[in-house]
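# Build me a structure from this.
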Amino acid sequence: MKILLVEDDKTIASGLEYSLQQEQFETILCYDAKSAEKVINEELNQISLCLFDLSLPDGSGYDLCKAVKDRKDVPVIFLTAIDDEVNVVMGLDMGADDYITKPFRVRELISRIKSVLRRYEKQTKPKSIIVVKNIRVNTLEGKVYKNEDEVFMTALEYRLFLIFANHIGQIFTRNQLLEQIWDVAGDFVNDNTLTVYIKRLRQKLEDDPQHPTIIRTVRGLGYKVGD
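This next block holds a predicted model:
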């Protein structure tokens, strides 16, 4: 597997490149946005994952993430020295799959890389049955079961839960969810409506909706199912 690493600090970049190669990853190393954009334009089909430093001398990791996601659904992990919710949410909204704050342990980064790659590998395999704890989704029938009892859902409720079920462990911001369920039932979906549907899903799926264990809130970021 080939990883595109974009990091302007040459000392950090060299250490990361060595560690990735020790894990049997091939690497393409860029020190600035301009050279990274060239790789994205010419070699994206060969790349399995991107590691982008957020702050670059001639641009931003955000711009590179957008350039990647506009072309292909390749996983992106941000390397950031800015540990605040606004920047993290912005990255997730742009389609980033994970982030890690500097300074970090190389083993933790490798673990996150492998976790994201496993998630993408699972997503490429078509599933007719998805299981989340005691919830089972039969995508061929378009039905959801809790402890083998069918849970009746509206089209939008089903669509929303299917987004989570197809991306177990991935954090979705509210904006990401709104974009994906927009007008699926021919109705306008706003932020308040999303809150209502999350509440309805919890009432139907959770054993204790006040303390959810299936659709979990990630404080300041969004929601996720599993992991």
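
# what's near enough to touch residue 75?
Contacts of residue 75 were listed using C-beta atoms under 8 Å, 6 or more residues apart in numbering, and they are 48-50, 97-98, 116-117, 119-120. For glycine as for every other residue, the C-beta is placed from the backbone atoms N, C-alpha and C.

# Kindly apply the preceding question to residue 76 instead.
Counted by C-beta under 8 Å, 6+ apart, residue 76 has contacts 49-52, 65, 68-69, 95-97.

# and those residues as JSON lines, adding distance to residue 37?
Compiled in JSON lines, the contacts of residue 76 are given as follows (distance: C-beta to C-beta, whole Å):
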{"residue": "49", "distance to residue 37": "17"}
{"residue": "50", "distance to residue 37": "12"}
{"residue": "51", "distance to residue 37": "15"}
{"residue": "52", "distance to residue 37": "11"}
{"residue": "65", "distance to residue 37": "12"}
{"residue": "68", "distance to residue 37": "10"}
{"residue": "69", "distance to residue 37": "14"}
{"residue": "95", "distance to residue 37": "17"}
{"residue": "96", "distance to residue 37": "17"}
{"residue": "97", "distance to residue 37": "20"}
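
# Just checking, which of those residues comes out lowest on pLDDT?
Minimum pLDDT for these is recorded at residue 95 (83).

# where does that one fall, phi/psi-wise?
phi 110, psi 0 (degrees, to the nearest 10).

# For this protein, which residue occupies the most central location?
residue 97 (3.2 Å; C-alpha atoms, centre = their mean).

# Setting aside sequence neighbours, what's the nearest residue to that residue?
Of all residues not flanking residue 97 in the chain, residue 75 sits nearest, at 4.5 Å (C-beta to C-beta, 6 or more residues apart in numbering).

# Angles on the backbone of the one you found, please.
According to degrees, to the nearest 10, residue 75 has phi -60, psi 140.

# got it, and residue 173?
Dihedral angles for residue 173 - degrees, to the nearest 10 - are phi -70, psi 170.

# Tell me how far it lies from residue 29.
30 Å (C-beta to C-beta, to the nearest Å).

# Mind checking which of the contacts of residue 76 land in strands?
The members of the contacts of residue 76 that map onto strands under DSSP state E are 49-52.

# Can you pull the poorly scored residue ranges out of the chain?
For the chain, the stretches flagged by pLDDT under 70 are 82-85, 122-127, 182-188, 227.

# now residue 28, nearest residue through space, not along the chain?
Counting by C-beta to C-beta, 6+ apart, residue 28 lies nearest to residue 4, which is 5.0 Å off, once chain neighbours are set aside.

# What about that neighbour, how many residues nearby?
By other C-beta atoms under 10 Å, the residues close to residue 4 number 24.

# that older thread, buried ones only from the contacts of residue 76, please, as a ChimeraX command.
The following ChimeraX line selects those of those that are buried, judged by 16 or more other C-beta atoms under 10 Å:
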select :49,50,51,52,65,68,69,95,96,97
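
# Would you map out the domains in the protein?
2-124, 129-225 (automatic domain parsing).

# Great, nothing more from me.
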